[in-house]
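Asks: Quick one: sequence plus predicted model below, questions after.
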Amino acid sequence: MQVEHMNEPRSEQPFLIFGSPLIEQAEIDEVVACMESAWLGTGPRVAQFEQDFAAYQRLQTSRVAAVNSCTAALHVSMVAAGLEPGAEVITTPMTFCASVNAIIHAGLAPVLADIDPATQCIDPAAIEAAITPRTRAILPVHFAGRSCEMDAIMAIADKHHLMVIEDCAHAIETTYHGRKVGTFGDFGCFSFYATKNVVTGEGGMITGRDEARIARARVLALHGMSKDAWHRFGDAGYKHYQVIEAGFKYNMMDLQAAIGIHQLARVEKNWRRRETIWNRYMEAFANLPVGLPAPPAPDTRHACHLFSIMIDEARCGISRDDFLNAMNACRIGTGVHYLSMPEHPYYQKRFGWKPEQWPNAMRIGRQTVSLPLSPKLTDADVEHVIGAVRAQCASAK
Ligand SMILES: Cc1ncc(COP(=O)(O)O)c(C=O)c1O
């Protein structure tokens, strides 16, 4: 494809949707079977999905609980952690707002620690520097599918007696020193949102070190009721339930699990396809004036959830936002993961945060562009993305 043509609008070309999930016939058939069974709410398919997910994460089923989003998983985990109101939770400014909002909704106080600019994950030294007498927990985010430095983070947590709630929204396949992420801390929280590595539309999973805390999270996720609806209305006879605390309506539906069961069965296949695309991008962009993801650390596995390049206007000759618009004109959907949390007015007003306080996250948030990385991409789609990126860099010079 001629580079000169890449900048031109391509209205004849179908738009390449960012993060489009790969849905296959097995999921469609399972959803139809679920609807025909008329059991749409939490039931046998959720139980199956929990069992499958536990097996994939090498956990007993009693240490996982399905919920209807990762946001719900984070919220419920922080309530189940039993921290006192107003306790400080240290997290990263380079995350989706759900991580910070869940802390707030649990009645806790978010405190930010800057990222390592190379890995874009929270910097353990910055965590240590952010600890105060009111700190009770750390919420690391395995950003883009790359594991945080869990040895260092767990050492800080042990030293200061802090709980750890891992945000694994990007990191279903991620391992660190041979161990799955989400199994280091007290809780791991996973997302099955439509753009994630395993999709249920909306959906989430909590994993936990302590069975009693997971059992509490499960109760909290369904109104605080002692028995879930499946057990109440099953063929074993009506069971009364008791409300044992003020819970939430966060349960996963069988309709969602019907998709998830088959998505999870293909998680490794899809990961391999994303890894292939990732490697192709790395090779194709090696000589461009853009920042590229750091190579995975030794003895870790990167989930390859997001492939983000850094557009520094001084180097690339094009601003990040002009680059986003140019990609859009080439009929390519892109993402920004993420503007740093202190860029948002709510947090500025409520906590007085200014982006400059966390300079690494601020700079990266203003330069980053995520390119399509769905396993659904054809080789031709991948080459189209590569041609478009090259063209922006070439034409901007
Ligand atoms: C890092 C991170 N944490 C939490 C979430 C929230 O996930 P969900 O949409 O399943 O609530 C997301 C979703 O985009 C995320 O990227």
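Replies: Great, that's in hand.

Asks: What separation is there between residue 361 and residue 126?
Replies: As judged by Cβ to Cβ, to the nearest Å, residue 361 and residue 126 stand 10 Å apart. C-beta coordinates here come from the backbone N, C-alpha and C atoms, glycine included.

Asks: where do the contact lists of those two overlap?
Replies: Between them, residue 361 and residue 126 share the neighbouring residues 114-115, with contact defined by Cβ atoms under 8 Å, 6 or more residues apart in numbering.

Asks: Looking at the two, which is more packed in?
Replies: residue 361 (29 against 19; other Cβ atoms under 10 Å).

Asks: hmm, who's touching the strand or helix carrying the more buried one?
Replies: When elements are defined using DSSP states H and E, residue 361 is found to belong to helix 359-367. Outside of helix 359-367, the residues within contact range by Cβ under 8 Å, 6+ apart are 92-94, 112, 114-117, 120, 123, 291, 310-312, 320, 336, 338-343, 355-356.

Asks: Helices - which of those land there?
Replies: In this view, those that belong to helices under DSSP state H are residue 320.

Asks: Show me just the buried residues among the contacts of helix 359-367.
Replies: Taking 16 or more other Cβ atoms under 10 Å as the criterion, what is buried in the contacts of helix 359-367 is 92-94, 112, 114-117, 120, 123, 291, 310-312, 320, 338-343, 355.

Asks: Backbone dihedrals for the residue of the stretch 201-350 of the chain found nearest the ligand, please?
Replies: Closest approach between the stretch 201-350 of the chain and the ligand, counting by Cβ to the nearest ligand atom: residue 204, at 4.9 Å. Taking degrees, to the nearest 10, you get phi -160, psi 170 for the backbone angles of residue 204.

Asks: Show the pLDDT at the residue nearest the centre of the chain.
Replies: Nearest to the mean C-alpha position of the chain, by Cα atoms, centre = their mean, lies residue 169 at 2.3 Å. For residue 169, the pLDDT comes out at 98.

Asks: for the one 3 residues further on, same thing?
Replies: Model confidence at residue 172, expressed as pLDDT, equals 98.

Asks: got a list of what it touches?
Replies: Applying Cβ under 8 Å, 6+ apart, one finds that residue 172 lies in contact with 56, 190, 196-198, 267, 303.

Asks: 7 Å instead, please
Replies: Residue 172 makes contacts with 190, 197-198, 267, 303, as judged by Cβ atoms under 7 Å, 6 or more residues apart in numbering.

Asks: From these, which land in strands?
Replies: Among the contacts of residue 172, the members falling in strands are residue 190 (criterion: DSSP state E).

Asks: In JSON lines: the contacts of residue 172, plus neighbour count, pLDDT and distance to residue 235.
Replies: Shown next, in JSON lines, are the contacts of residue 172 (neighbours: other Cβ atoms under 10 Å; pLDDT from 0 to 100; distance: Cβ to Cβ, whole Å):
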{"residue": "190", "neighbour count": "28", "pLDDT": "98", "distance to residue 235": "31"}
{"residue": "197", "neighbour count": "27", "pLDDT": "98", "distance to residue 235": "36"}
{"residue": "198", "neighbour count": "27", "pLDDT": "98", "distance to residue 235": "31"}
{"residue": "267", "neighbour count": "17", "pLDDT": "98", "distance to residue 235": "33"}
{"residue": "303", "neighbour count": "25", "pLDDT": "98", "distance to residue 235": "40"}
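
Asks: Just give me the closest of the contacts of residue 172 to residue 44.
Replies: In terms of Cβ to Cβ, no member of the contacts of residue 172 lies closer to residue 44 than residue 198, at 19.1 Å.

Asks: Mind checking what secondary structure the nearest residue to the closest one once chain neighbours are set aside has?
Replies: Counting by Cβ to Cβ, 6 or more residues apart in numbering, the nearest residue to residue 198 once its immediate chain neighbours are dropped is residue 263, at 4.6 Å. Each residue gets one of three states, and residue 263 gets helix by DSSP: H, G, I helix; E, B strand; the rest coil.

Asks: count of neighbours near residue 263?
Replies: 25.

Asks: okay, it: pLDDT?
Replies: The predicted local distance difference test score for residue 263 is 98.

Asks: Does anything pack onto the helix or strand harbouring residue 271? Which helices or strands?
Replies: Under DSSP H and E, the secondary-structure element containing residue 271 is helix 267-285. Applying 3 or more Cβ pairs under 7 Å, 6 or more residues apart in numbering; DSSP states H and E, one finds that helix 267-285 makes contact with strand 307-310, helix 379-396.

Asks: ok so, going back, so what's the residue of the stretch 201-350 of the chain closest to the ligand bridging to?
Replies: residue 67, residue 191 (DSSP bridges).

Asks: doesn't residue 76 make contact with it?
Replies: No: using Cβ atoms under 7 Å, residue 204 makes no contact with residue 76, being 9.2 Å away.

Asks: which residues does residue 166 contact?
Replies: Remark: with contacts taken as Cβ under 7 Å, 6+ apart, residue 166 is in contact with 140, 142, 181-182, 184-185, 187-189.

Asks: As TSV, these with neighbour count would be great.
Replies: Compiled in TSV, those are given as follows (neighbours: other Cβ atoms under 10 Å):
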residue	neighbour count
140	30
142	26
181	30
182	26
184	21
185	28
187	29
188	29
189	33
